[in-house]
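# sequence and predicted structure are below.
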Amino acid sequence: MESVRPNPASSRSKLSRKFQKVIHLKTATKKNLSNNGFCLMIPQEKLKCCESQQFEREEIEDAAKETKNRAAMEAFIAKLFATISSVKAAYAELQMAQFPYNCEAIQSADQAVVDELKALSELKQSFLKKRIDFSPPHVTLMLAEIQEQQSLMKTYEITMKKMQNEIQVKEGHISSLQEVLREVVQNNRSLEKKLNASGSFSVLDNVKFSEDANPKDFILVLHYALRSIRNFVKLLIKEMEAANWDIESAANSIHPDVNFRKRDHRAFAFESFVCREIFSGFNDPGFSLQGDQNLSWPNGSYQKRLFFFDQFKKVKSVNVIHFLKQNPNSFLGKFLKAKYLQLVHPKMEFSFCGNLNQRKTVNSGEYPETEFFKAFAEMGRRVWLLHCLGLSFGQEVSIFQVRKNCRFSEMYMESATDDIFASADGDFRVAFTVVPGFKVGKLVVQSQVYLCNAKCVVKKN
C-alpha cells in the first residue's frame, strides 16, 4: 500500500497561525505591564448616577450655607435696629434729664448714649470686616427684638412723662389766665355798675344827631344791644336748667329739624327766639304795640327825628329800673311791658318762679326788681335805644330776616360760628336766622345766621 504523506502547505499554515497567537499574547502582556494595573470598563448608567449624587450633595451644602448666611444677616440687621432704638431711648432720656436740670441723671444718660454708640460702632466694624456670624442666629434675633421693644417702651414712657409735664404747665397757665379773666370780669362789672349809677356810659357818649344816616353809630348801638341780649339768653338757659327743662327739646321746638354741630350751639336757637320777639315790629315807630294808637308823634319828618333822638338821649345812660319807677307811663315802660308779656310765656314764668306774681306785677304797670326782670329790662332798653336812633336818621331803617334753606350770601349774612367753613362741602344753607339784618339807607348790616351743609337742612313738604 502506498503510504499517505502530509501536505506541506497545510502544515505550514497551522504553524503560522500558532506563531501569530504567541506574538499577539506577548504584545498584550507588554501593554498590560506598561499600564501597571487592570483596566475595568464601568457601565455608563452607574457613572451618571454617581455624578448626580455628587451634584445634589453640592447643592444641599450651598443651600445650607446660604440659609446660614441669610439667618446671620437677619440677626445682624435686627441687632442693628435694636441698637439704634437703644440710642434713641438713651438720647430721649438725656433730654428729659435736662428739663428740669438733674446733674446725676444727665451723667447717667450721657454714659448710656456713649455705650450705645460704641455698640453701634462695633456693629459697623463687624459688617465692614464681614464678621456678622451671630450664633445661634435665632437666639440673637429674639434678643434683638426684646431689646428693641424695651427701648421703644422706654421712649414712650419718657414721651408720656414729657407730655404730662407739659400738661401740668399748661394747666397752671390756664388756671392763672382764668384767675386773670375772673378779675377782669369783676372789674368790668364793677365799672359798669358805677357807670350806670353815675348816669353815664362812655360807649354812647359820641353818638350825635345826624342829618343823614350814620351807619357807624347804628352798628355801635346794635352791638351794644346784642351784648345785653346774649346775657339775657344765658340767664334764660340757666333758669331752664334749674327748672329741669329738656334743653334739646326746647331748642327743637323753636327750630325743628336742625342738626346742631355742637352741644352749646343750641343757645343760638334761644337767641334766635329772643331776637325774633324783641325786634318784632322794629320797622314801625310804635313797635306795633297794642294800644300804640294812643301814642302821639310829631307831625313833621324833621321834628319826628328830633323827638326820637331826644328819647335816645333820655334813656341812653339811665338805670332802667329807677327810670321805670319814676316814669311808669313812658314810651320805654310801655314797650317793656308789651314785650315781656309777649316773650315770657306764663308756663315759662311759672316753671321758673313757681307762681305768676312777676307777670301780674308787670301787667299792672309796676316793675319787679328780680334778677330775671332786670336782665330783661336792660335788654329791652338797649333795643329801644337802637330803635330810637334808627328813627332819628334821615333815611329809612328797616329790618329783615333770612328764610330757612337759603344759600349763604356774604353780602346779606354772616355766620354765627366759623367752624362751618372748615367743611369740605361749600354749599352752605341757612338753618335759621339768629340776629336779623338791617338796611340803613343803602347800607346793609348783615344778619347773623346759623348755617348747615345743604344735606343737613331738612326740607318740609
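Cool, got the structure.

# and the helices in the chain?
Shown for the chain, the helices assigned by DSSP state H span residues 8-35, 44-98, 103-128, 137-198, 215-242, 247-254, 267-278, 301-315, 320-326, 331-343, 346-353, 357-363, 371-391.

# could I get those helices as JSON lines with mean neighbour count and distance to Leu443?
(Glycine included, C-beta is placed from N, CA and C.) Conversion of the helices of the chain to JSON lines gives the following (neighbours: other Cβ atoms under 10 Å; distance: least, Cβ to Cβ, whole Å):
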{"stretch": "helix 8-35", "mean neighbour count": "9", "distance to Leu443": "127"}
{"stretch": "helix 44-98", "mean neighbour count": "14", "distance to Leu443": "59"}
{"stretch": "helix 103-128", "mean neighbour count": "14", "distance to Leu443": "66"}
{"stretch": "helix 137-198", "mean neighbour count": "12", "distance to Leu443": "30"}
{"stretch": "helix 215-242", "mean neighbour count": "17", "distance to Leu443": "5"}
{"stretch": "helix 247-254", "mean neighbour count": "14", "distance to Leu443": "30"}
{"stretch": "helix 267-278", "mean neighbour count": "22", "distance to Leu443": "20"}
{"stretch": "helix 301-315", "mean neighbour count": "16", "distance to Leu443": "18"}
{"stretch": "helix 320-326", "mean neighbour count": "17", "distance to Leu443": "29"}
{"stretch": "helix 331-343", "mean neighbour count": "20", "distance to Leu443": "26"}
{"stretch": "helix 346-353", "mean neighbour count": "15", "distance to Leu443": "37"}
{"stretch": "helix 357-363", "mean neighbour count": "16", "distance to Leu443": "36"}
{"stretch": "helix 371-391", "mean neighbour count": "22", "distance to Leu443": "12"}
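
# of those helices, which approaches Lys404 most closely?
helix 267-278 (11.1 Å; Cβ to Cβ).

# what's the angle between that closest one and helix 215-242?
120 degrees (axes from the mean of the first three to the mean of the last three Cα atoms, to 10 degrees).

# what angle do helix 267-278 and helix 331-343 make?
Using the same axes, to 10 degrees, the inter-axis angle of helix 267-278 relative to helix 331-343 is 130 degrees.

# what is the orientation angle of helix 267-278 with helix 247-254?
40 degrees.

# which secondary structure elements does helix 267-278 contact?
Counting contacts by 3 or more Cβ pairs under 8 Å, 6 or more residues apart in numbering; DSSP states H and E, helix 267-278 is packed against helix 215-242, helix 247-254, helix 331-343, helix 371-391, strand 428-435, strand 447-453.

# gap between it and the chain center?
Here the centre of mass of C-alpha atoms in helix 267-278, compared against the chain's by Cα atoms, centre = their mean, to the nearest Å, lies 29 Å away.

# tell me the mean pLDDT over that helix?
Across helix 267-278, pLDDT averages out at 95.

# got a markdown table for the helices and strands packed on helix 267-278, with mean pLDDT and distance to Gln303 too?
Below are these laid out as a markdown table (pLDDT from 0 to 100; distance: least, Cβ to Cβ, whole Å):
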| stretch | mean pLDDT | distance to Gln303 |
| --- | --- | --- |
| helix 215-242 | 93 | 21 |
| helix 247-254 | 93 | 41 |
| helix 331-343 | 92 | 16 |
| helix 371-391 | 94 | 12 |
| strand 428-435 | 93 | 32 |
| strand 447-453 | 90 | 32 |
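
# can I get those in a markdown table with distance to Ile106?
What follows is the helices and strands packed on helix 267-278, written out as a markdown table (distance: least, Cβ to Cβ, whole Å):
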| stretch | distance to Ile106 |
| --- | --- |
| helix 215-242 | 52 |
| helix 247-254 | 55 |
| helix 331-343 | 67 |
| helix 371-391 | 59 |
| strand 428-435 | 56 |
| strand 447-453 | 54 |
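
# any idea which of the ones you listed gets closest to His173?
Here helix 215-242 is closest among these (Cβ to Cβ), at 26.3 Å.

# check which helices and strands that closest one is in contact with.
In terms of contacts (3+ Cβ pairs under 8 Å, 6+ apart), helix 215-242 is packed against helix 247-254, helix 267-278, helix 371-391, strand 437-440, strand 443-445.

# of the ones you listed, which is nearest Met73?
Closest to Met73 of those, according to Cβ to Cβ: helix 247-254, at 64.0 Å.

# which strands or helices does the closest one pack on?
helix 215-242, helix 267-278.

# just the angle between the first one and helix 346-353, please?
Put plainly, it is helix 215-242. Using the same axes, to 10 degrees: helix 215-242 against helix 346-353 is 70 degrees.

# now the angle from helix 215-242 to strand 428-435?
Relative orientation of helix 215-242 with respect to strand 428-435: 90 degrees, computed using the same axes, to 10 degrees.

# how far out from the middle of the chain is helix 215-242?
Once both centres are worked out by Cα atoms, centre = their mean, helix 215-242 turns out to sit 29 Å from its chain's centre.

# which residues touch Lys304?
Taking Cβ atoms under 8 Å, 6 or more residues apart in numbering as the contact definition, Lys304 lies against 285, 297-298, 391.

# closest one to Ile420 out of those, please.
Ile420 lies nearest to Leu391 out of the contacts of Lys304, by Cβ to Cβ, at 35.1 Å.
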